[in-house]
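> When you get a sec, could you give me coordinates for this:
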Amino acid sequence: MTGRLDLDAQPPIPPSKAPTTDETRLSWLRLARSQNVGPVTFVQLLRRYRSAADALAAVPDLAARGGAKRRIKLCDAASAQAEIDAAATAGARMLCLGAPDYPGLLGLIDGAPPLIWALGNSGRLTPNAVALVGARNASAAGRRFAGILARDLAREGWVVVSGLARGVDGAAHAAALEELGGTAAVLAGGVDQIYPPEHAELHAAIAEQGVVVSEMPMGFEPIARSFPRRNRIISGLSQGVLVIEAAERSGSLITARYAAEQGREAMAAPGHPLDPRAGGSNALLREGAVLIRSAEDVLEALTPRLSNKIAEPPRHYLDAPFETQIESDETLRRRLIELISVAPVEVDELVRQAGAPAAMVASALLELELAGRIERAPGGLVSRVDFS
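As a prediction, this is how the structure comes out:
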């Protein structure tokens, strides 16, 4: 029941810009780790300049144009090289956006990571992937159901993607490992950081038979705000996200929301109405998620997607490459700062209200983000962080 996804969509970065040498990989990593350079800004810089090295050289001036109060901190070559050396010691590979070995599904999402580290068999990062997520304090029945689904799906050639958390995640990974290691664990810390600690053996087994991935630096210990970033990668690697036992404020619902934003399938297993661990997953079903009772239901929902190009999320200002001669001006930057508040707003709306060409607005937003005055969210949204 397996198939292959058509991935001939235009990548967010031209393949010719993906790094192919040690020197270009070092510059790529330095740019990705530099202050205020998020995934969307990284892509914009690569569209605007010939290489990551050229973009690095331009960043300080762009930040100054945006009103930075102090000189932006670029990642230095020594720090980037230390991360590369740590990855080599751990046995991890750098997969760069736009390169042939970068996961095709992940490359289609808005704000795709400029790079991810992969520990283990990166060939597991295929389009035949489904995410299974759920409660950390899952019931015995929930864990058993997650294991049954993961085992059956892996037996059919699907890779089970999850977050290595306690409960549903751990049960899904362990069961998928029984079927030729068909699982991928996405971490909120570095691929060499085991969290939770009791999953050390599971982490080692996945690294040996499946694959462990993260966008975070080697040695990075997970913090609260890195888990939503991890969740968007879990959904981004998958054709769909299946939620098993999730409370109404569960992080699993964030993963399901990302799936919907990314044009992936949202699925949920029904739970008892009196069990608070099923409140969120039952709510997903009320909102139109596909009801899942068995692996056959998952295959029925996802297999047709393998023969059709995935519906791409809106690209907004990423649709066209930058041109070096397009620059913003101080008047436009002031106008945008007036329009942007702490509540996220769509870039398209800013273009409309600013009354300026989209390319000029994109250039101004790039400068303002590098200056640390605004920040971006998935879906082409921006919000303000500096009210000076």
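
> From here on, just use CA atoms for contacts and neighbour counts.
Fine.

> what's the distance between stretch 339-358 and the middle of its chain?
Relative to its chain's centre, stretch 339-358 lies at 24 Å (C-alpha atoms, centre = their mean, to the nearest Å).

> Enumerate residues external to it that contact any of its residues.
316-317, 332, 335-336, 361, 377, 379-385 (C-alpha atoms under 8 Å, 6 or more residues apart in numbering).

> List the buried residues in that stretch.
340-341, 344-347, 350-351, 354, 358 (16 or more other C-alpha atoms under 10 Å).

> Keeping just the C-alphas, turn stretch 374-388 into CSV.
Extracted C-alpha coordinates of stretch 374-388, given in CSV (Å, rounded to 0.1, in the frame of the first residue of the first chain):
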residue,chain,number,x,y,z
ILE,A,374,9.5,42.2,14.7
GLU,A,375,9.2,38.4,14.7
ARG,A,376,7.5,36.0,12.4
ALA,A,377,5.1,33.1,12.9
PRO,A,378,4.0,30.3,10.6
GLY,A,379,1.5,31.2,8.0
GLY,A,380,3.1,34.4,6.8
LEU,A,381,2.3,36.3,10.0
VAL,A,382,4.4,39.0,11.8
SER,A,383,4.2,40.6,15.2
ARG,A,384,6.0,43.4,17.0
VAL,A,385,8.5,42.9,19.7
ASP,A,386,10.1,46.4,20.0
PHE,A,387,8.0,49.4,21.0
SER,A,388,10.8,51.9,21.2
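
> Go through that stretch and flag the buried ones.
Buried-residue list, stretch 374-388, by 16+ other C-alpha under 10 Å: 374-376, 378-384.

> nearest to Pro100, of those residues?
Using C-alpha to C-alpha, Pro378 is the member of the buried residues of stretch 374-388 that lies nearest Pro100, at 24.0 Å.

> what are the ranges of the helices in the stretch 201-350 of the chain?
Shown for the stretch 201-350 of the chain, the helices assigned by DSSP state H, counting those that start in this stretch span residues 226-236, 251-261, 279-286, 295-302, 330-339, 347-354.

> Of all those, which one is nearest Asp101?
Judging these by C-alpha to C-alpha, what sits closest to Asp101 is helix 226-236, at 15.4 Å.

> Just want the angle from the closest one to helix 251-261.
50 degrees (axes from the mean of the first three to the mean of the last three C-alpha atoms, to 10 degrees).

> List the contacts of helix 226-236.
Helix 226-236 is touched from outside by 105-106, 108-109, 131, 161-163, 186-189, 214-215, 241, 251-252, 254-256, 258-259, 262, 264, with contacts defined as C-alpha under 8 Å, 6+ apart.

> Give me the subset of these lying in strands.
Using DSSP state E, the members of these that fall in strands are 131, 161-162, 186, 214, 241.

> Show me this protein divided up by domain.
Following automatic domain parsing, one gets these domains for the chain: 122-307, 319-384.

> mean confidence for the shortest one?
Per-residue pLDDT values over domain 319-384 give a mean of 85.

> circling back: which two from the buried residues of stretch 339-358 end up farthest apart in space?
Taking C-alpha to C-alpha, the two most distant members of those are Ser341 and Ala358; they sit 19.4 Å apart.

> quick one, what contacts Glu248?
Going by C-alpha under 8 Å, 6+ apart, Glu248 touches 276-281, 283.

> quick one, longest helix in this structure?
The longest helix of the chain (DSSP state H) is helix 140-155.

> Can you point out the buried residues in that one?
By 16+ other C-alpha under 10 Å, the buried positions in helix 140-155 come out as 142-155.

> Go ahead and name everything in contact with that helix.
Outside helix 140-155, the residues that touch it by C-alpha under 8 Å, 6+ apart are 132, 159-160, 167-168, 171-180, 182-183, 244-245, 294-295, 299.

> what's the model's confidence in it, averaged?
For helix 140-155, mean pLDDT rounds to 97.

> same question, stretch 77-93
When pLDDT is averaged along stretch 77-93, the result is 98.

> how far does it sit from the chain's center?
From the chain centre to the centre of stretch 77-93 is a distance of 21 Å (C-alpha atoms, centre = their mean).
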